[in-house]
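Chemist: heads up, no residue letters with this:
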């Protein structure tokens with residue numbers, strides 16, 4: 001079966017660059033949107049040029065020029081959006097809705113992957129403010145996709161290891177703690193952690209798969225479903241050093257939400273839902289909805305191996 005032509009929007013971002021890499025590795029004719037708004041961002045420009053040297057095609061377009069988006073979309077079969085921001089970037093909903101309109105007008109796209117790749121917004125109706133806006137906006141995009149009758153796949157990738165594993169899920173650092181580690185509650189609530197490259201691999205695997213059409217796919221391999229306490233134990237075994245553990249109650253953890261910058265409040269809310277409520281693992285996923293069962297040939301990264309890079 002011929003491989004789909006894929007347009008990646010947000011290809012220089014944290015997950016976007018992994019998706020571009022996966023598209024090229026898996027043999028897709030890969031197009032990357034080169035936004036005119038790039039200005040003097042030399043790092044992004046050099047990244048785009050590197051994609052071109054690896055075989056991708058750069059397509060110029062702008063969210064302030066609707067027709068340029070339509071023309072870019074017309075070149076491909078599949079559009080993947082990776083414009084998600086860290087914790088809180090409300091303006092991205094407007095960009096995604098513009099992309100949905102371009103896809104609707106082009107009329108040729110056989111699959112659209114919107115910017116998701118985190119928690120499932122459909123299961124976060126009761127999320128705390130202000131972090132609930134993240135999920136509400138994703139649901140607005142989903143509604144627009146479905147009302148436009150655009151074929152789609154939603155990818156739920158849970159916790160990115162770079163943000164949650166190397167630091168043993170501490171909020172104030174990205175590096176492993178040296179002496180003390182804070183446990184959320186008893187530390188036994190299960191979450192799911194994914195290496196970012198694997199997120200790209202699984203998402204791209206789903207592009208031409210009829211089993212994933214108009215469905216939500218969860219990247220939740222069983223060996224990566226771990227509690228924070230299990231994660232800490234892995235690090236202790238690898239580093240040969242036992243950490244001093246301090247538990248924080250849900251009430252004390254949520255107390256700082258009354259003050260501080262909004263991005264920090266959003267982060268606290270998301271951590272609360274993950275590590276106190278278990279929002280990533282407190283529901284069943286059917287066999288045909290879970291990526292590691294759909295694609296058993298993928299050798300995904302186990303978190304014990306991921307942690308070794310920090311030694």
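Modeler: Okay, I see it. Only a predicted model underlies this, so the values are computations on that prediction, with no experimental measurement involved.
Chemist: So which residues of the stretch 1-150 of the chain form helices?
Modeler: 16-25, 42-53, 66-73, 92-106, 132-147 (DSSP state H, counting those that start in this stretch).
Chemist: following the longest one, which helix or strand shows up next?
Modeler: Using DSSP states H and E, the next helix or strand after helix 132-147 towards the C-terminus is strand 153-156.
Chemist: Please name the residues that touch the residue nearest the centre of the chain.
Modeler: Residue closest to the average C-alpha location in the chain (C-alpha atoms, centre = their mean): residue 117, at 2.7 Å. Taking C-beta atoms under 8 Å, 6 or more residues apart in numbering, we find residue 117 in contact with 15, 82, 84, 155-157, 199, 203. Just so you know, the C-beta spots here come from the backbone N, C-alpha and C atoms, and that holds for glycine as well.
Chemist: Just give me the least confident of those.
Modeler: For the contacts of residue 117, the weakest pLDDT value sits at residue 84, with 67.
Chemist: returning to that earlier point: highest mean neighbour count out of the helices of the stretch 1-150 of the chain?
Modeler: Most buried of the helices of the stretch 1-150 of the chain, by mean neighbour count (mean count of other C-beta atoms under 10 Å): helix 16-25, with a mean of 23.
Chemist: Determine how far it lies from the middle of the whole chain.
Modeler: Helix 16-25 sits 13 Å away from the centroid of its parent chain (C-alpha atoms, centre = their mean, to the nearest Å).
Chemist: Identify the bridge partners of the residue nearest to residue 34 when sequence neighbours are not counted.
Modeler: Once flanking residues are discounted, residue 34 sits nearest to residue 58: 4.5 Å by C-beta to C-beta, 6 or more residues apart in numbering. On the basis of DSSP bridges, residue 58 is bridged to residue 32.
Chemist: On the three-state scheme, residue 296 is what?
Modeler: What DSSP: H, G, I helix; E, B strand; the rest coil gives for residue 296 is coil.
Chemist: any low-confidence regions in the stretch 1-150 of the chain?
Modeler: 1, 84-90 (pLDDT under 70).
Chemist: make it 90
Modeler: Filtered on pLDDT under 90, the stretch 1-150 of the chain yields the residue ranges 1-2, 36-41, 83-93, 131, 134.
Chemist: on that earlier part again, can I get the contacts of residue 117 in TSV including neighbour count?
Modeler: Shown next, in TSV, are the contacts of residue 117 (neighbours: other C-beta atoms under 10 Å):
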residue	neighbour count
15	26
82	25
84	21
155	26
156	24
157	24
199	26
203	26
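Chemist: Max pairwise distance over these: which two?
Modeler: For the contacts of residue 117, the farthest-apart pair by C-beta to C-beta is 82 and 156; their separation is 14.2 Å.
Chemist: mind listing the strands for the protein?
Modeler: Counting by DSSP state E, the chain has strands at residues 5-9, 29-35, 57-61, 78-81, 111-113, 153-156, 159-160, 180-184, 190-194, 215-218, 225-227, 244-248.
Chemist: nearest to residue 67, of these?
Modeler: strand 57-61 (9.2 Å).
Chemist: Remind me what that closest one packs against, helices and strands.
Modeler: Applying 3 or more C-beta pairs under 8 Å, 6 or more residues apart in numbering; DSSP states H and E, we find strand 57-61 packed against strand 29-35, helix 42-53, helix 66-73.
Chemist: Now do the longest one: which elements does it pack against?
Modeler: The one in question is helix 42-53. Short answer (3+ C-beta pairs under 8 Å, 6+ apart): helix 42-53 packs on helix 16-25, strand 29-35, strand 57-61.
Chemist: neighbours around residue 242, how many?
Modeler: 11 (other C-beta atoms under 10 Å).
Chemist: how close does it get to residue 164?
Modeler: 21 Å (C-beta to C-beta, to the nearest Å).
Chemist: Need the residues that contact stretch 270-278.
Modeler: Identification of contacts with stretch 270-278 by C-beta under 8 Å, 6+ apart yields 87, 119, 124, 127-128, 131, 134, 159, 169, 171, 184-185, 189-191, 228, 250, 253-254, 279-280.
Chemist: Over to stretch 211-225?
Modeler: Here stretch 211-225 makes contact (C-beta under 8 Å, 6+ apart) with 111, 120, 122, 151-158, 190-194, 198-199, 202-203, 206, 280-281, 285, 288-292, 294, 300, 302-303.
Chemist: Quick check on those residues: which are buried?
Modeler: Buried residues within the contacts of stretch 211-225, counting neighbours by 16 or more other C-beta atoms under 10 Å: 111, 120, 152-158, 191-194, 198-199, 202-203, 206, 280-281, 285, 289-292, 294, 300, 303.
Chemist: Apart from its chain neighbours, what residue comes closest to residue 83?
Modeler: Computed as C-beta to C-beta, 6+ apart, the closest residue to residue 83 that is not its neighbour in sequence is residue 10, at 3.9 Å.
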